[in-house]
Every structure is written in structure tokens, then in C-alpha cells.
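A.B. asks: Coordinates for the following, if possible.
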Amino acid sequence: MLAIKNAVIVMKDHIIPDGVILIDNGVILDFGKKTAIPQGAEVMDAQGLFAGPGLVDIHTHADGETYFHEDPEKCSRTLLAHGVTSVLPALYNNFNKDEYLAHIEIIDKAVKAGKCPNIAGYYMEGPYLNPNFGCERETNPWRGEIKRGDYMEIVERVKHTARVWCVAPEREGILEFVKDVKSVMPGAVFSVAHSEASPQQIEDLMPYGLRIATHHTNATGTAEYFPECRGVCVDETVNYNSEIYAELICDRMGIHVHPYMQRLIRKIKGRDRLILISDAFVADGSPIPGCEEAFDINFDRSGEIAGSKMTLDIACQNIMIHTGCSVCDAFHYASYNPSRAVQMTDIGEIRKGNKANLILVDGSFTVKKVILKGEIFQ
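C.D. replies: Coordinates of the predicted model:
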């Protein structure tokens, strides 16, 4: 048994100072301010640090310098060292069918070998997004007609591991794709992504499980302007529908999402529908003018923003700076909300019986200790 003492325990909506957390057999046995430490337990002194649920990154392609499909073990360990105890590697729509299958095989093999203990499934950022949006769009091999024969082998290959399927609702034939995914994976979650869909097109897919907006306000259609009237696009639809979770990439300079927009989205969506993601990618393009100090994001060779170089703990630090939110809020956005969005209810919250995936952080959200399934990682 492991006992963590002198911790500020981070709950969903409050904190417990000077608390104790008991861990046994990889799960949270008990916790509280007056929880007694059993004799013989291994004791860790948190020394007043915040003890919260491990971070859950549902959308990232890399560890900032290496793609998951290139070295899943390295990416897994790098993220784990930064407090990410659950991660969904994102597979992008610039892969063709054979590349999708090959990269899935590489990651699956590493997971089965026990080398990636924090990988919890896949985030399928494709194949059918709007080819006019996103980085490296000139290499998108999925521009043509949506055909069952092109995608069903991929769907079957990840039917037990994919947790999120990104779609552009405006693509002709997308409903048939969504229905085919649901026939194989009844619990599949869909996300509107790289899209210029109308409100109606997005809302038509909500009964089928569309409940996430991929990197909200990035790679989405621009609102049209009518005489003396501003139109609406994907962003407004996501803001309006309270059921939809909004993913945010919060980089240091507020390039992906302007700090004022972060504060606005936080006000509109509330605590329970905002998800922090890292969306780490690998690109070697030069920064666009004015962004030379944007050290935590990437640019592709055409000058487009190409995801981030962040880990999720850095995103937590950034949103605290940009919005003034608390450590408790940051954990909510980076642990509780993402785990609920993808239906992983045994993580993301300090609760009796949950997996003992915990991290200790200071007031600036610097990760000091990581515990995965009850075992001390660092």
C-alpha cells in the first residue's frame, strides 16, 4: 500500500488541504483530510504539493519531436514524465490507407508488449476531413469520393481501440461513413474537425455521437458576412450547443487561440465542456513573421501553423496565465473533461475505486511526481 500525505488534494470543484491518499492494488482506496495511514504502508510526503488526477491527452500526434508511429515507446515515456497518464495517439488524414494500417500495427505492437502503459486508444483525425483546412493539406490523399471499400479495413482494424473519429460533416457521403463506424463501434464518439460545415450539418450528426470539436477555432470555416449581419460557422455552432466539448490548444503566445478568445470560450462553454489538448506535431517550417518566439508551436514549410511542440502540462500552465483559471480548473480541463468526453470514467478524477493515476504539481503546474496505476514513475 502507498500513502501520500501532506497533499493538497484536487477534487472536481474544490481542494482538500493537508490531505492523505491511500493507494492499493493500483486503485484509490481512500482519501481525505483525516484519513488514517495504515501501519506498514509506504509513505510519500507530498510536502504541500497539489495532488490531482493524471492528465488525459486525447489528441496528440507526437512528443514534440517524434511521432507516435515512429517510436511509440519514446513518446509514451516522454508524455508520462510530463504527467500524461492516459493518451490517445492521433492518426492524421495525410496517411493513406496502407500507412494508417502500418502505423496502427507499430503502435499496437508496442502496447501489447507493455512498452506504452499510458496509451489508451486512438484519436482518428481523419480520414474524411475537409481538404481545404489543416497543415500539410496538399498531401491529403482522401480528397475524393467517400467509398466503403477505402475505409472499412481501417475501421475494422481499430474497432476495439479507436475512441474518437473526426469528420467534416459537410463531406458528401459522410453520413454513410458515420453509420458504418457505428455499426462496428456502437459507442464511437465523433468530432467535427477541419470543417466549414453549417450548423444544420453539424447538428444532424449529433444523434450519432458527435460531441467534440477538434481544436476549436482552428482549421474551421470562416463566418460569412451578409449586409450588416455577421454569419455563423463551425465555431458558433460549437459554442451554441452545450453538449459539445471544445478542444483548445493553449500555447504560450496564444497563437492557436487568442487569450481573449480563450476567456470567451471558457465563459460560454463553462467548466464541463472545455478540453485542453496538446496536438503536438512534428514540422520543420520557419515561424511566420511575428511568431519568432512561439517556441511551443510548429509551422509547416508553407508557413501554416502545424500543431504544437507542447506536452499537456505546459498547456495547463498557459491557460492559467491566459485566463486566470486555478490549478483546480486546469485539472478539470486536462483530466476530468477529456476522460468523460471519451467515456473513460475510471480515470480523470480522485475517487474511491478509480485507477491510481495521479500527479503532484506545484502552484505553477510544474510536474514533480507521477504515479501510474499505483506505481511511482518518477
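A.B. asks: Can you tell me the SS state at the most centrally placed residue in the chain?
C.D. replies: With distances taken as Cα atoms, centre = their mean, I58 lies nearest the centre of the chain, 2.8 Å away. Classification of I58 using DSSP: H, G, I helix; E, B strand; the rest coil returns strand.
A.B. asks: distance of it from E156?
C.D. replies: 22 Å (Cβ to Cβ, to the nearest Å). The way it works is simple: take the backbone N, C-alpha and C, and place the C-beta from them, glycine included.
A.B. asks: returning to that earlier point: isn't the residue nearest to the centre of the chain up against P338?
C.D. replies: Yes: using Cβ atoms under 8 Å, I58 is in contact with P338, at 4.7 Å.
A.B. asks: In the stretch 101-250 of the chain, where is pLDDT below threshold?
C.D. replies: Applying pLDDT under 70 to the stretch 101-250 of the chain flags residues 134-137, 225-227.
A.B. asks: which residues in it form strands?
C.D. replies: Under the criterion DSSP state E, counting those that start in this stretch, the stretch 101-250 of the chain contains strands at 122-125, 162-167, 189-192, 210-213, 225-226, 229-230, 245-249.
A.B. asks: Report all helices and strands that whatever helix or strand comes next after the last one contacts.
C.D. replies: Once the chain leaves strand 245-249, the next helix or strand it forms, by DSSP states H and E, is helix 259-269. Judged by 3 or more Cβ pairs under 8 Å, 6 or more residues apart in numbering; DSSP states H and E, helix 259-269 is in contact with helix 234-240, strand 245-249, helix 312-323.
A.B. asks: rerun at 7 Å
C.D. replies: Here helix 259-269 touches strand 245-249, helix 312-323, going by 3 or more Cβ pairs under 7 Å, 6 or more residues apart in numbering; DSSP states H and E.
A.B. asks: tell me which residues of that helix are tucked away?
C.D. replies: M261, Q262, R263, I265, R266, K269 (16 or more other Cβ atoms under 10 Å).
A.B. asks: Which one of these is nearest to E176?
C.D. replies: Closest approach between these and E176, by Cβ to Cβ: K269, at 30.5 Å.
A.B. asks: residues in contact with the closest one?
C.D. replies: Residues in contact with K269, defined by Cβ atoms under 7 Å, 6 or more residues apart in numbering, are N239, A246.
A.B. asks: repeat for the one 4 residues further on
C.D. replies: With contacts defined as Cβ under 7 Å, 6+ apart, the neighbours of R273 are S242, I244, Y245, A246.
A.B. asks: Quick check on the residues you listed: which are buried?
C.D. replies: For the contacts of R273, a burial check counting by 16+ other Cβ under 10 Å picks out I244, Y245, A246.
A.B. asks: Wait, the first one touches E236, no?
C.D. replies: What that stands for is I244. No: in this structure, I244 is not within contact of E236 by Cβ atoms under 7 Å, at 11.5 Å.
A.B. asks: Distance from the chain centre to stretch 218-227, please.
C.D. replies: 25 Å (Cα atoms, centre = their mean, to the nearest Å).
A.B. asks: just stretch 238-245 next, same as before
C.D. replies: In terms of Cα atoms, centre = their mean, the centre of stretch 238-245 is set 17 Å apart from its chain centre.
A.B. asks: next one: stretch 68-88
C.D. replies: On Cα atoms, centre = their mean, the centre of stretch 68-88 falls 13 Å from the chain's centre.
A.B. asks: ok, and for that stretch, which residues are buried?
C.D. replies: Result for stretch 68-88 [16+ other Cβ under 10 Å]: buried residues 68-69, 71-80, 82-88.
A.B. asks: Enumerate every residue touching T217.
C.D. replies: By Cβ under 7 Å, 6+ apart, the contact set of T217 is D235, V257, M261.
A.B. asks: of all the residues you listed, which comes closest to I297?
C.D. replies: So of the contacts of T217, ranked by how close each gets to I297 (Cβ to Cβ), first place is V257, at 11.2 Å.
A.B. asks: ok, the closest one to E203 distance?
C.D. replies: For V257 relative to E203 (Cβ to Cβ), the value is 23 Å.
A.B. asks: the more surrounded of those two?
C.D. replies: Each of V257 and E203 has its neighbours counted (other Cβ atoms under 10 Å); V257 has more, 24 against 17.
A.B. asks: which non-adjacent residue is nearest V8?
C.D. replies: F50 (4.8 Å; Cβ to Cβ, 6 or more residues apart in numbering).
A.B. asks: in the protein, which spans are helices?
C.D. replies: Using DSSP state H, the helices of the chain run over residues 72-81, 97-112, 148-157, 174-184, 199-203, 234-240, 259-269, 312-323, 327-331, 337-341.
A.B. asks: Adding distance to Y128, write those out as JSON lines.
C.D. replies: Shown next, in JSON lines, are those (distance: least, Cβ to Cβ, whole Å):
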{"stretch": "helix 72-81", "distance to Y128": "25"}
{"stretch": "helix 97-112", "distance to Y128": "12"}
{"stretch": "helix 148-157", "distance to Y128": "8"}
{"stretch": "helix 174-184", "distance to Y128": "6"}
{"stretch": "helix 199-203", "distance to Y128": "13"}
{"stretch": "helix 234-240", "distance to Y128": "15"}
{"stretch": "helix 259-269", "distance to Y128": "26"}
{"stretch": "helix 312-323", "distance to Y128": "27"}
{"stretch": "helix 327-331", "distance to Y128": "33"}
{"stretch": "helix 337-341", "distance to Y128": "21"}
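A.B. asks: right, and those helices - which one's nearest I212?
C.D. replies: Comparing the helices of the chain by Cβ to Cβ, helix 337-341 comes nearest, at 5.7 Å.
A.B. asks: and the closest one, what other elements does it pack with?
C.D. replies: Looks like helix 337-341 contacts strand 55-60, strand 274-277 (3+ Cβ pairs under 7 Å, 6+ apart).
A.B. asks: Single out the most deeply packed of these.
C.D. replies: Most buried of those, by mean neighbour count (mean count of other Cβ atoms under 10 Å): strand 55-60, with a mean of 30.
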